[in-house]
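> Okay, sequence plus prediction incoming.
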Amino acid sequence: MSIVGVLALQGSFNEHIAVLRRIGVKGVEIRKPEQLQNVSSLIIPGGESTTMAKLAEYHNLFPALREFVKMGKPVWGTCAGLIFLADKAIGQKEGGQELVGGLDCTVHRNFFGSQIQSFEAEIEAPELSSTEGGPETFRGVFIRAPAILEVGSEVQVLANYPVSSKPTKGSDSNSAEGGQEGNTSSQTRVIVAVRQGNLLATAFHPELTADTRWHSYFLKMMGEGSSSSSIDSVGTDSHIIHPPPRIDFPIYQ
Ligand SMILES: NC(=O)CC[C@H](N)C(=O)O
């Protein structure tokens, strides 16, 4: 039986667990290294990556998280979680922050700027719609979001987003460090969703919209690793009252 762990140190872990519940899957909060032994996959939610890293360090979670990734178990990082999974992050606070790593990419921590520059956008994701069906686009909620600037050859790009050549200046003094200044082209695209084997990473927050396809896409990754991983259902139709689908209201325009 497979239970999805959700790192519950800080950020939007409740929202992820709620989406899992909506699709009939059990999600459990992970706060201690030993709790990782009870789950077969893990979601690292969005929040604030420096704070989350300090809490993870305090709870001695980094070695267990790295081990979990190395074992080939599915791990999905959203937003701050993406930063956690990246091999390299730029635009970090002074002194940097510890990363779990494993995902061969360079992420810019606050690429899209400060909190008030948060936004929503319709984004194409052909792999998502071909696997999960539904519309060709999904609504991406970007909250002080990171973006991926470079990926290694093993990394599959699932979605990207057009931007002007310079990253927006963020609230942190060094947030634009290592960005694309000097790039002469006026339009470029940054990567906002990737997959590398057992790792999935998204710069936006799928747990804040009614579209559950990113969660079901991740759950399918659990089936790929081992044949025995049936997903632990929290009791489907007979126990769960499915609310009518919510409309994805734009929060930031
Ligand atoms: N919504 C988010 O998770 C924002 C992440 C933020 N840019 C950070 O550095 O942690």
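That came through fine.
> Contact residues of the stretch 101-250 of the chain facing the ligand?
Residues of the stretch 101-250 of the chain lying close to the ligand (CB under 6 Å from any ligand atom) are 109, 110, 143, 144, 145, 146. Placement of C-beta: from N, CA and C, glycine included.
> State the three-state secondary structure for the second one.
Looking back up the chat, that one is residue 110. Assigned by DSSP: H, G, I helix; E, B strand; the rest coil, the conformation of residue 110 is coil.
> Could you double-check that it lies in contact with residue 144?
Yes. With contact defined as CB atoms under 8 Å, residue 110 reaches residue 144; the gap is 5.8 Å.
> Which one of the two is surrounded by more residues?
residue 110 (28 against 22; other CB atoms under 10 Å).
> related to what we said a few turns ago, which pair in the residues of the stretch 101-250 of the chain next to the ligand spans the largest distance?
Pairwise distances across these (CB to CB) peak at 12.9 Å, for the pair 109 and 143.
> okay, those two: which has more neighbours?
More crowded of residue 109 and residue 143, by other CB under 10 Å: residue 109, with 26 against 21.
> can you list contacts of the helix or strand containing residue 214?
Element membership of residue 214, judged by DSSP states H and E, is helix 213-225. With contact meaning CB atoms under 8 Å, 6 or more residues apart in numbering, helix 213-225 is reached by 2, 4, 16, 19-20, 23, 25, 40-41, 43, 72-74, 76, 128-129, 131-134, 138, 195, 198, 200, 202, 206-207, 229, 231.
> Make sure residue 54 is indeed in a strand.
No. Assessed with three-state DSSP, residue 54 is helix; it does not lie in a strand.
> Numbering from 470 from now on, please.
Noted, 470 is the first residue going forward, which turns the last one into residue 523.
> Can you check the pLDDT for it?
What the model reports for residue 523 is a pLDDT of 96.
> Residue 565 too?
78.
> just residue 507 next, same as before
So residue 507 comes in at 94 (pLDDT).
> Now for it, how many residues are close by?
Residue 507 has 10 nearby residues by other CB under 10 Å.
> Tell me how far it lies from the ligand.
Using CB to the nearest ligand atom, to the nearest Å, residue 507 is found at 25 Å from the ligand.
> these two touch, right, that residue and residue 497?
Yes. The criterion here is CB under 8 Å, and residue 507 meets it with residue 497 at 7.1 Å.
> Between these two, which contacts overlap?
472, 474.
> Can you name the residues that contact the nearest residue to residue 567 once chain neighbours are set aside?
Leaving aside its chain neighbours, residue 567 sits nearest to residue 522 (5.2 Å; criterion: CB to CB, 6 or more residues apart in numbering). By CB under 8 Å, 6+ apart, residue 522 lies in contact with 553, 566, 567, 568.
> Please, which helix or strand holds the last one?
Taking DSSP H and E as the criterion, residue 568 maps to no regular element, lying outside all helices and strands.
> Touching, it and residue 556? I think so.
Yes. Residue 568 lies in contact with residue 556 (CB under 8 Å); the separation is 7.4 Å.
> Settle it for me: which of these two has more neighbours?
Neighbour tally, residue 568 and residue 556, criterion other CB under 10 Å: the higher count belongs to residue 568, 22 against 14.
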